[in-house]
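In: the following block contains a protein sequence and its predicted model.
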Amino acid sequence: MGASEQHAVMAAGLAGGIGLSGSGCGALGAAIWLLGLNLREAGRSNKVIDARIGELVERFLASSGQEYACAAIVGRRCENADDHAGHLARGGCAELVEAITAAAEKLRELTPSPVGEEIVRPDGEVAAA
């Protein structure tokens, strides 16, 4: 999804259900963040970004058995960062992460150029396409 090493470090706190809490899926949170970031950098409007994020969430729920919580998806809560790293090293969540990544990439590709849509520049200024 175009994530840099810096992005990966920034998203690390989402691991194991946002801060290893077992709650909201960190992979979904990271995918939403990066998709929104990529679409914003491409000048897409909030309306388009919100629609694409909604589609991403729907695809995620279809892949996760309609669950948002990491502990429910994985079947347990990770005890610490090493436990979470071991889970991933054993292939845990690989299918779900691949599904989210593929969906986000597809949604980014399918997002039309902003013809007739307001373009939001990186400085926050809005211009007509």
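Out: Thanks, I have the structure now.
In: which helix or strand contains the spatially most central residue of the chain?
Out: Against the mean C-alpha coordinate of the chain, by Cα atoms, centre = their mean, the closest residue is Ala31 at 1.0 Å. Mapping Ala31 onto the secondary structure by DSSP states H and E places it in helix 26-41.
In: ok, and for that helix, which residues are buried?
Out: For helix 26-41, burial by neighbour count (16 or more other Cβ atoms under 10 Å) applies to 26-36, 38-40. In this view, the C-beta of every residue, glycine as well, is placed from N, C-alpha and C.
In: which neighbouring elements make contact with it?
Out: Other helices and strands packing on helix 26-41, by 3 or more Cβ pairs under 8 Å, 6 or more residues apart in numbering; DSSP states H and E, are helix 5-11, helix 46-63, helix 94-110.
In: any stretches of the chain with poor pLDDT?
Out: 1-3, 7, 9, 112-129 (pLDDT under 70).
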